[in-house]
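Undergrad: Here is my input; please provide its structure:
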Amino acid sequence: MKKIIYRSEDRGKANYGWLDTKYSFSFANYYNPKMMNFGMLRVLNDDTVAPSMGFGTHPHDNMEIITLVLDGQLEHKDSMGTGSVIYKDEVQVMSAGSGITHSEFNPSDKDAVKLFQIWIIPKEKNIKPRYNQKSFPLADRKNMLVPTVSGLNKEGSLYIHQDAEIYLGNFNMGRKINYQLSNPSNGAYILVIDGSLKVGDEDLFTRDAIGISETDNIEIEMLEDSNFLIIDVPMS
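TA: Presented below is the predicted three-dimensional model:
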């Protein structure tokens, strides 16, 4: 088993006034040659967007872009003609493929929106762009791992163009689970949204993460009530 610990305080940080963000991997003006990616997981940004502010129209291509809204709401518009609002506990998937432009805006004039933006490198380039979103309420994840995103046609999940999966879990203190990786050549990136976990012999706290590879299964114990995600992703 190989593992790497990503402590919350060691992430890259930037505050642009309208955007306060923490970078798990090198992104924008944050560059750390030791923190470039975890396998095909390229980006995991922990963003807080100020009221009535947002990302102007900008392009993407050949990337699977997943957004999880943790609190508040995010308005989305893109060159496919999609216009939607993503609310708390909703997940958005956008396959940029051959090319797309989009904007993301906080429509509230008083409340910030908090979100994770995740980029996964696709297994094939220049596919037709596509969009989808779905709600995964916190209560529906009680003591369950819920597949929210999957390239393996997992029932109830949103499709991405990669042999990867994203699970969300919301477990009570003391619960233990054994997570089986979808493929022995994949790795698992586990991030604590809030609470604390023991993963193997490592204690993880809010916004800490661990990347584990070269194993078939991972033992996870809840040290307190915990909300977390698992990104099961090819390592190459």
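
Undergrad: In contact with the residue nearest the centre of the chain, which residues?
TA: Nearest to the mean C-alpha position of the chain, by CA atoms, centre = their mean, lies residue 118 at 4.2 Å. Listed by CB atoms under 8 Å, 6 or more residues apart in numbering, the contact partners of residue 118 are 41, 43, 44, 45, 65, 66, 67, 68, 166, 231. Bear in mind the C-beta positions are built from the backbone N, C-alpha and C, glycine included.

Undergrad: Kindly format the C-alpha coordinates of the helix or strand encompassing it as CSV.
TA: Assigned by DSSP states H and E, residue 118 falls within strand 113-120. Taking Å, rounded to 0.1, in the frame of the first residue of the first chain, the C-alpha atoms of strand 113-120 are listed here in CSV:
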residue,chain,number,x,y,z
VAL,A,113,-21.6,29.9,-1.8
LYS,A,114,-19.2,27.2,-0.8
LEU,A,115,-18.3,24.5,-3.2
PHE,A,116,-15.8,21.9,-4.3
GLN,A,117,-14.6,21.9,-7.9
ILE,A,118,-13.1,18.7,-9.1
TRP,A,119,-11.4,18.0,-12.4
ILE,A,120,-10.7,14.5,-13.6
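
Undergrad: Which strands border the helix or strand following that strand, and is each parallel or antiparallel?
TA: Counting by DSSP H and E, the element after strand 113-120 in chain order, helix or strand, is strand 130-135. Sheet pairing here is set by DSSP bridges, and for strand 130-135 it gives strand 90-95 (antiparallel).

Undergrad: distance of the residue nearest to the centre of the chain from residue 111?
TA: In this view, residue 118 and residue 111 are 23 Å apart by CB to CB, to the nearest Å.

Undergrad: CA atoms only: put stretch 199-214 into CSV for me.
TA: Coordinates of the C-alpha atoms in stretch 199-214 are reproduced here as CSV (Å, rounded to 0.1, in the frame of the first residue of the first chain):
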residue,chain,number,x,y,z
VAL,A,199,-8.1,5.7,7.6
GLY,A,200,-5.8,2.7,8.3
ASP,A,201,-3.6,4.1,11.0
GLU,A,202,-3.9,7.8,10.0
ASP,A,203,-6.2,10.2,11.8
LEU,A,204,-7.8,12.8,9.4
PHE,A,205,-9.7,15.9,10.4
THR,A,206,-11.9,18.5,8.6
ARG,A,207,-10.6,19.2,5.1
ASP,A,208,-7.6,16.7,5.6
ALA,A,209,-7.2,14.1,2.8
ILE,A,210,-5.3,11.0,2.1
GLY,A,211,-4.4,9.3,-1.2
ILE,A,212,-4.1,5.5,-1.2
SER,A,213,-3.0,3.2,-4.0
GLU,A,214,-1.6,-0.3,-4.5
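
Undergrad: what pairs with the strand holding residue 118, and is each one parallel or antiparallel?
TA: strand 41-49 (antiparallel), strand 64-71 (antiparallel).
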